[in-house]
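> Just a sequence and a predicted model for now, questions to come.
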There are 2 protein chains.
Amino acid sequence: MPRKHPAADQPLRLDNQICFAVYSAAHAFNRVYKPLLDRLGLTYPQYLVMLVLWERDDVPVKDIGERLFLDSGTLTPLLKRLEAAHLVKRTRSSEDERQVLIALTAQGHALKDKARAVPQSILAASDCSVSELVAMKDEIVALRDRLNAVIGE
Amino acid sequence: MPRKHPAADQPLRLDNQICFAVYSAAHAFNRVYKPLLDRLGLTYPQYLVMLVLWERDDVPVKDIGERLFLDSGTLTPLLKRLEAAHLVKRTRSSEDERQVLIALTAQGHALKDKARAVPQSILAASDCSVSELVAMKDEIVALRDRLNAVIGE
DNA sequence: TCACATTTAATTGTTCGCAATTGAATGTGC
DNA sequence: GCACATTCAATTGCGAACAATTAAATGTGA
């Protein structure tokens, strides 16, 4: 008699897919971030770009893209929206006119102070110790890097 | 003298964000899946819907949404594309006319055989043992569920 | 110098993802 | 039975995400 889930089907079961775990966790994070970032007037990808710029600004679009694994098709319109919100300024480099340099405005710099509350709220929502989160993060990053290594073949 | 990364900034550093690890890992998975799913004529979210339906079809849109954490705004157009590809059929339930039941076509069922090659390729790309992947998956799912629990408050 | 390749952003078109709203069907409390 | 709330899918609008292409600037080799 046929079993409920024949062995041959196990690899195709949704609950066995690590990719779905990652995919659905990313969406869950997004939903937790949403109300926090609404107060900053940012979407989650915009917040990521701001994190990059708060570490170092006046960088070309390409650098931001390499850091976040995003291309100009995603970043160009996103950065235009950040510019429309007066958080960044986009200027063509004079040394290399192919590049567009992204710099923070005063408002963009100032937003960093407001943003400091965000990671605390996320930590609370995770309901998990910092060391556990760090360990998970490192594992996930290692997996991501192995996946990305395969793509570049 | 100021340090490179003052302690107050540590929580805002990109590389310390578990959410970015998850976000970027999800994109990395997506890129690995893309060439595999292209052969099936599916996008990654469409593949997830098919995984759900291969386990059990003739289910309302809502059930699929609960399983994948997606709403009708995402699923309705996606399911219409799957219908246009002759993989599913959408019919209003006669018992409850509010519901639209999603059933697999013969083609939709048949695609399952082709799909069996996908998880193997992903496992290879992960470059990691099954037991390690299962352990990670369980941790990520547990984190996701804690995050989702916070949202419903 | 000049042809050619490479680099960089921008653009176009398709597909997600979600908030907010709509409209129809169903359930409920009186 | 009837007003009312709830449920479900569809729709609209906006912001990603990415493939593919374009155009301009720069680099390279003969």
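Nice, I can see it.

> need the contact list for the residue most central in space within chain A.
The structure's chain A has its C-alpha centroid closest to residue A:48; by Cα atoms, centre = their mean the separation is 4.9 Å. For residue A:48, the contacting residues are A:68, B:14, B:20, B:23, by Cβ atoms under 8 Å, 6 or more residues apart in numbering or on different chains. For the C-beta atoms, the positions are set from N, CA and C on the backbone; glycine is no exception.

> quick check, nearest of those to residue A:129?
residue B:20 (19.1 Å; Cβ to Cβ).

> who's in contact with the closest residue to the closest one other than its chain neighbours?
Using Cβ to Cβ, 6 or more residues apart in numbering or on different chains and skipping the chain neighbours, the partner closest in space to residue B:20 is residue B:14 (5.8 Å). By Cβ under 8 Å, 6+ apart, the contact list for residue B:14 reads A:48, A:51-52, A:55, A:67-68, B:20.

> Tell me the most packed of those, by neighbour count.
With neighbours taken as other Cβ atoms under 10 Å in any protein chain shown, the top of the contacts of residue B:14 is residue B:20, carrying 25 neighbours.

> Tell me the secondary structure at it.
Secondary structure for residue B:20, judged by DSSP: H, G, I helix; E, B strand; the rest coil, is helix.

> Look at it and report its pLDDT.
Residue B:20 carries a pLDDT value of 98.

> Kindly provide the distance from it to DNA strand C.
To DNA strand C, residue B:20 is 17 Å away according to Cβ to the nearest atom of the strand, to the nearest Å.

> for that residue, what are its contacts?
Contacts of residue B:20 by Cβ under 8 Å, 6+ apart are A:48, A:51, A:68, B:14.

> Strands along chain A, start to end?
Applying DSSP state E to chain A gives strands spanning A:59-60, A:88-92, A:100-104.

> Pick the one among the contacts of residue B:14 closest to residue A:40.
Closest to residue A:40, out of all of the contacts of residue B:14 and judged by Cβ to Cβ, is residue A:51, at 11.7 Å.

> on that earlier part again, which among the contacts of residue B:20 are in contact with DNA strand D?
Among those, proximity to DNA strand D is found for none (Cβ under 7 Å from any atom of the strand).

> In chain A, what residue lies closest to DNA strand D?
Residue of chain A nearest DNA strand D, by Cβ to the nearest atom of the strand: residue A:73 (2.9 Å).

> my guess is residue A:23 meets residue B:28, correct?
No: checked against Cβ atoms under 8 Å, the pair residue A:23 and residue B:28 is beyond contact range at 11.2 Å.

> Quick check: the gap between residue A:66 and residue B:24.
Going from residue A:66 to residue B:24 by Cβ to Cβ, to the nearest Å gives 12 Å.

> Compare the two (neighbour count), which wins?
Between residue A:66 and residue B:24, counted using other Cβ under 10 Å, the more crowded position is residue B:24 (25 against 13).

> Hmm, that one is touching residue A:70, no?
No: assessed by Cβ under 8 Å, residue B:24 is found out of contact with residue A:70, at 9.4 Å.

> residue ranges of the helices in chain A, please?
A:18-38, A:44-55, A:61-68, A:72-84, A:106-115, A:117-126, A:130-151 (DSSP state H).

> Would you tell me which of those gets closest to residue B:106?
helix A:18-38 (25.9 Å).

> Go through that closest one and flag the buried ones.
Of the residues in helix A:18-38, A:18-33, A:36-37 count as buried by neighbour count, 16 or more other Cβ atoms under 10 Å in any protein chain shown.

> Would you mind putting the CA coordinates of it into CSV?
Output in CSV follows, covering the C-alpha atoms of helix A:18-38 (Å, rounded to 0.1, in the frame of the first residue of the first chain):
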residue,chain,number,x,y,z
ILE,A,18,16.2,25.0,3.1
CYS,A,19,15.7,27.5,0.3
PHE,A,20,12.1,28.0,1.4
ALA,A,21,13.2,28.4,5.0
VAL,A,22,15.5,31.2,3.9
TYR,A,23,13.0,32.7,1.5
SER,A,24,10.2,32.7,4.1
ALA,A,25,12.5,34.0,6.9
ALA,A,26,13.6,36.9,4.6
HIS,A,27,9.9,37.9,4.2
ALA,A,28,9.3,37.5,7.9
PHE,A,29,12.2,39.9,8.6
ASN,A,30,10.8,42.3,6.1
ARG,A,31,7.5,42.3,7.8
VAL,A,32,9.1,43.0,11.2
TYR,A,33,11.2,45.8,9.8
LYS,A,34,8.4,47.5,8.0
PRO,A,35,6.8,49.4,10.9
LEU,A,36,10.3,50.3,12.2
LEU,A,37,11.5,51.6,8.8
ASP,A,38,8.2,53.4,8.1
